[in-house]
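Student: Sharing a model that was predicted from the sequence below.
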Amino acid sequence: MELRFAELLKPVLLAFCIVLTSCQSHRGNTDPSIEFSKIPPAAQGGREKVDTIAGRVRNARPGQQIVIYAHSGPWWVQPWPDRPFISIKPDSTWSTETHLGFEYAALLVEPDYSPPPVMDTAPTQGGSVALVTIVKGIGPPQFAPTGSLKFSGYDWNVRMIASDKGGMNNLYDPENAWIDASGALHMQIKKKSGMWSCAEIFLNRSLGYGTYSVTVRDTAHLEPAAAFSMFTFDDWASEEHFREMDVEVGGWGDANKNNARYVIQPLYIPGNLFAFAAPSGTLTYVLRWESGHATFKTFRGRSAGAGAQLVSEHEFTSGIPVPGKAKPRLIFFVVASDKNPMQKPSEVVVEKFEYLP
């Protein structure tokens, strides 16, 4: 009797399994998906060149839109922060212009989503972001062109493409960084094509842990919107905040007596910023980078050796990056400031750069 009952139950169980599988398949088919039909090349970003990115969304809900981010250093919303939303057409396709990056992220978002202009890490699903699909750019990575110069016995690359560092769009021109007969580096900010043109150089290799120092002539003349910085930066480490550590003079956009600061990025974390007053005259800025420690010091004059007068000192012991591929950089740029916008051309002179393991 039990055997006969089991035989009779088999068709019922089979039918139940078929219905359950069908339901699961039906639910799975209603999940949204993003496909790409046109992917731009893998290339270092810049404001000078754009391409088209396009695709199709399946099972989007009414009101949802697409937002694109391009990964070149940080993740930048495309094509511009004031135009981030891309409508999904009646045939479920979408397309937009984008600046170039090494990777591209397409986000399916709800109507209430507010896209950040820039992200240090890749966007993720959750909240008002219904889906994120990331794809690599087409072809081998293409890097932006750079100039070159020799300074303090090292080979440096010179930035040639625009940047949003400082919160505004600045041009960068290799003519704004040059070496004089004494071997000093001149970095200039000038007007070009109605925009500010700045200067940035970066070492062509990483140096790792050790002591980094720069000697800079008097910066007391700098406007509040002009900033000079020596910093470490790893283009490939967005999730580690680019392994960035900064000593920065000026650039707060405000006439503040504390016109300089030491920073471990991200600076919004409490304890990651130390502000101080940089006096007039030639100063030497020092960063001692060790495992778990970053000690910044500033000295009057051209030396950090015995007998040098200490202006400021601060040690960070939290969030210190490992070296990775971080390279030292020197930059002179304009920051966004409604209160004290940049008024006239400017220059800083860096007498020397030194590194000791």
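Tutor: Okay, I see it.

Student: contacts for stretch 35-54?
Tutor: Outside stretch 35-54, the residues within contact range by Cβ atoms under 8 Å, 6 or more residues apart in numbering are 55-58, 68, 70, 72-73, 76, 78-79, 93-104, 106, 133, 135-144, 161-162, 169. C-beta here means a position set from N, CA and C on the backbone, and glycine is covered the same way.

Student: helix or strand right after the helix or strand Phe36 falls within?
Tutor: Taking DSSP states H and E as the criterion, Phe36 maps to strand 33-38. Using DSSP H and E, the next helix or strand after strand 33-38 towards the C-terminus is strand 41-43.

Student: How far off centre is that following strand?
Tutor: Between the centre of strand 41-43 and the centre of its chain there are 17 Å (Cα atoms, centre = their mean, to the nearest Å).

Student: If you drop the residues flanking it in sequence, what lies closest to the residue most central in space within the chain?
Tutor: Residue closest to the mean C-alpha point of the chain, counted by Cα atoms, centre = their mean, is Pro74 at 3.5 Å. Counting by Cβ to Cβ, 6 or more residues apart in numbering, Pro74 lies nearest to Val118, which is 4.8 Å off, once chain neighbours are set aside.

Student: shouldn't that neighbour be in contact with Ser72?
Tutor: No: the criterion here is Cβ atoms under 8 Å, and Val118 misses it with Ser72 at 10.7 Å.

Student: who's more crowded, those two?
Tutor: Ranked by neighbour count (other Cβ atoms under 10 Å), Val118 and Ser72 place Ser72 first, with 20 against 13.

Student: Give me the neighbour count for the closest residue to the more buried one other than its chain neighbours.
Tutor: Once flanking residues are discounted, Ser72 sits nearest to Gly45: 3.1 Å by Cβ to Cβ, 6+ apart. Gly45: 23 surrounding residues under other Cβ under 10 Å.

Student: Secondary structure element holding Gly45?
Tutor: Applying DSSP H and E, one finds Gly45 in no helix or strand.

Student: Relative to Asp173, how far out is it?
Tutor: Taking Cβ to Cβ, to the nearest Å as the measure, Gly45 falls 18 Å from Asp173.

Student: that older thread, the residue nearest to the centre of the chain and Ala227, how far apart?
Tutor: Distance from Pro74 to Ala227, by Cβ to Cβ: 19 Å.

Student: quick one: contacts for Thr295?
Tutor: Thr295 makes contacts with 287-288, 313-316, as judged by Cβ under 8 Å, 6+ apart.

Student: swap that for Val216, please
Tutor: Contacts of Val216 by Cβ under 8 Å, 6+ apart are 228, 249, 282-285, 348-351.

Student: what do you get for Val109?
Tutor: Contacts for Val109 (Cβ under 8 Å, 6+ apart) come out as 64-67, 85, 115, 128-130.

Student: Out of these, who's the most crowded?
Tutor: Ile66 (22 neighbours).

Student: so how many other residues sit close to Pro270?
Tutor: Pro270, neighbours per other Cβ under 10 Å, totals 6.

Student: Compute the distance between it and Glu248, please.
Tutor: 18 Å.

Student: Most neighbours out of the contacts of Thr295, which is it?
Tutor: Neighbour-wise, these (other Cβ under 10 Å) top out at Leu287, 22 neighbours.

Student: Run through the strands of the stretch 201-350 of the chain in chain order.
Tutor: Secondary structure of the stretch 201-350 of the chain by DSSP state E, counting those that start in this stretch: the strands cover 210-216, 226-233, 245-250, 260-264, 273-276, 283-290, 293-300, 310-316, 327-334, 346-356.

Student: Turn those into a markdown table, including distance to Cys198.
Tutor: Formatted as a markdown table, those follow (distance: least, Cβ to Cβ, whole Å):
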| stretch | distance to Cys198 |
| --- | --- |
| strand 210-216 | 16 |
| strand 226-233 | 9 |
| strand 245-250 | 13 |
| strand 260-264 | 19 |
| strand 273-276 | 23 |
| strand 283-290 | 19 |
| strand 293-300 | 23 |
| strand 310-316 | 26 |
| strand 327-334 | 4 |
| strand 346-356 | 10 |
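
Student: Ok, which of those comes nearest Asp180?
Tutor: Asp180 lies closest, by Cβ to Cβ, to one member of the strands of the stretch 201-350 of the chain: strand 346-356, at 8.2 Å.
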